[in-house]
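Colleague: have a look; sequence and predicted model below, questions after that.
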Amino acid sequence: MKKLNCVFALLAILVLVSCGTNPQPTPPVSNPPTPTPGPVQVTPTPTTPDPVPQPTPNPPTTTPTPVTPPVSGVHEIKVTARNWEFSPSSIEVKKGEKVRLLVTSVDVPHGFSVPEYQINERLDPGKEVAVEFTAEKTGEFTAFCSVFCGAGHSKMRGKIVVT
């Protein structure tokens with residue numbers, strides 16, 4: 001049995017030795033040479049002289065079109081809404097007059113309401129709103145902000161006086 005063990009040991013050594021050797025060397029891997037770029041040709045572009053500036057004719061004079069064109073026979077008044085007032089705060093018109101209020105909020109959303117004339121408009125900042133009515137009733141009518149606009153909202157009042 002000793003002999004058999006020695007034979008197996010020798011065989012194992014031979015196998016290990018033969019596996020560890022490389023009978024054929026592998027050739028080294030070589031990369032193909034990278035081509036080098038040749039000279040770059042630059043074609044000059046022809047330059048043209050700057051054109052001589054020509055005088056420009058004066059543009060025709062135009063008058064900007066108003067947002068809401070005035071209509072003859074209409075009393076037109078610009079009104080500004082801001083925290084917490086209308087300007088002008090009092091507007092006077094004559095009974096029977098056609099009235100156009102051009103109302104603009106300059107800060108936050110507001111409202112413009114005059115219940116006696118069935119007026120209630122929302123005013124978004126920077127947008128002009130045309131409010132039109134015929135002053136058929138005489139008296140003093142309160143205009144107020146109908147959109148909550150902050151701490152002074154309840155005091156935002158104006159008046160329309162029809163004589």
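Modeller: Done, it's in.

Colleague: quick check: beta-bridge partners of the residue nearest to residue 117 when sequence neighbours are not counted?
Modeller: In space, and not counting its chain neighbours, residue 117 is closest to residue 133: 4.7 Å by Cβ to Cβ, 6 or more residues apart in numbering. All C-beta atoms are positioned from the backbone trio N, CA, C, and that covers glycine. Per DSSP bridges, the residues bridged to residue 133 are residue 99.

Colleague: residues contacting residue 133?
Modeller: Taking Cβ atoms under 8 Å, 6 or more residues apart in numbering as the contact definition, residue 133 lies against 98-99, 114, 117, 119.

Colleague: show me where the chain dips below the pLDDT cut-off.
Modeller: Counting by pLDDT under 70, the chain shows low-confidence ranges at 1-72.

Colleague: leaving out sequence neighbours, find the closest residue to residue 89.
Modeller: residue 158 (4.9 Å).

Colleague: which neighbouring elements make contact with the helix or strand harbouring the one you found?
Modeller: In this assignment (DSSP states H and E), residue 158 forms part of strand 157-162. With contacts taken as 3 or more Cβ pairs under 8 Å, 6 or more residues apart in numbering; DSSP states H and E, strand 157-162 sits against strand 85-87, strand 90-93, strand 139-144.

Colleague: tell me which residues are up against the shortest one.
Modeller: Surrounding strand 85-87, the residues in contact under the criterion Cβ under 8 Å, 6+ apart are 79-80, 112, 143, 145, 156-158.

Colleague: also the last one?
Modeller: Around strand 139-144, the neighbours that count as contacts under Cβ under 8 Å, 6+ apart are 86, 91, 111-114, 116-117, 119, 156-162.

Colleague: in PyMOL, how would I select just the buried ones from those residues?
Modeller: Remark: buried members of these, expressed as a PyMOL selection using 16 or more other Cβ atoms under 10 Å:
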select buried, resi 86+91+111+112+113+114+117+119+156+158+159+160+162
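
Colleague: related to what we said a few turns ago, now distance to residue 73 too, for the contacts of residue 133, in TSV please.
Modeller: Shown next, in TSV, are these (distance: Cβ to Cβ, whole Å):
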residue	distance to residue 73
98	6
99	11
114	21
117	18
119	20
